[in-house]
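Colleague: sequence-free structure coming up:
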């Protein structure tokens, strides 16, 4: 009788340990499959601005991105920025297109949403700097 009780106890311990192991393995695999959404503030960076012009715009925008956990672990959020080619800008207000291409995102990261919805940059002659470029610069 005592022997059967010991055997049942060993079976229970084995089942408990197996359950914990299988649960942890299932959670690890499952968490790597499903995408995670993150909201990140990113700066606007302008390049190819005409000489003698300055560009003013909001400091940055909030983007919502979607990727799996392993991708998030390999992505450096501090390196993200909206890169805008100012060569196509006209003097005055210009609409800034925010896209996955402008964010230079890897293929596995998707842009879900951004705000503000209408991003406007104003290009005007720079009277203060004496003709030097006065655009927002990425750090």
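Modeller: Arrived safely. Predicted model only: the values in this text are computed from it and were never measured.

Colleague: tell me the first helix or strand C-terminal of the helix or strand containing residue 12.
Modeller: Counting by DSSP states H and E, the secondary-structure element that holds residue 12 is helix 2-33. Counting by DSSP H and E, the next helix or strand C-terminal to helix 2-33 is strand 35-47.

Colleague: buried ones in that next one?
Modeller: Within strand 35-47, the residues that count as buried by 16 or more other C-beta atoms under 10 Å are 35, 42, 43, 44, 45, 46. Bear in mind the C-beta positions are built from the backbone N, C-alpha and C, glycine included.

Colleague: help me confirm that the fourth one comes into contact with residue 61.
Modeller: Yes. When contacts are counted by C-beta atoms under 8 Å, residue 44 is listed as touching residue 61 (6.8 Å).

Colleague: domain-wise, how is the chain divided?
Modeller: 1-33, 34-139 (automatic domain parsing).

Colleague: who does the lowest-mean-pLDDT helix or strand in the chain touch, helix- and strand-wise?
Modeller: When the helices and strands of the chain are scored by mean pLDDT, DSSP states H and E, helix 2-33 comes last with a mean of 81. Using 3 or more C-beta pairs under 8 Å, 6 or more residues apart in numbering; DSSP states H and E as the contact criterion, the elements in contact with helix 2-33 are helix 69-74.

Colleague: hmm, residue 35 is touching residue 67, no?
Modeller: Yes. Assessed by C-beta under 8 Å, residue 35 is found in contact with residue 67 at 6.0 Å.

Colleague: so what sits against both of those two?
Modeller: residue 110 (C-beta atoms under 8 Å, 6 or more residues apart in numbering).
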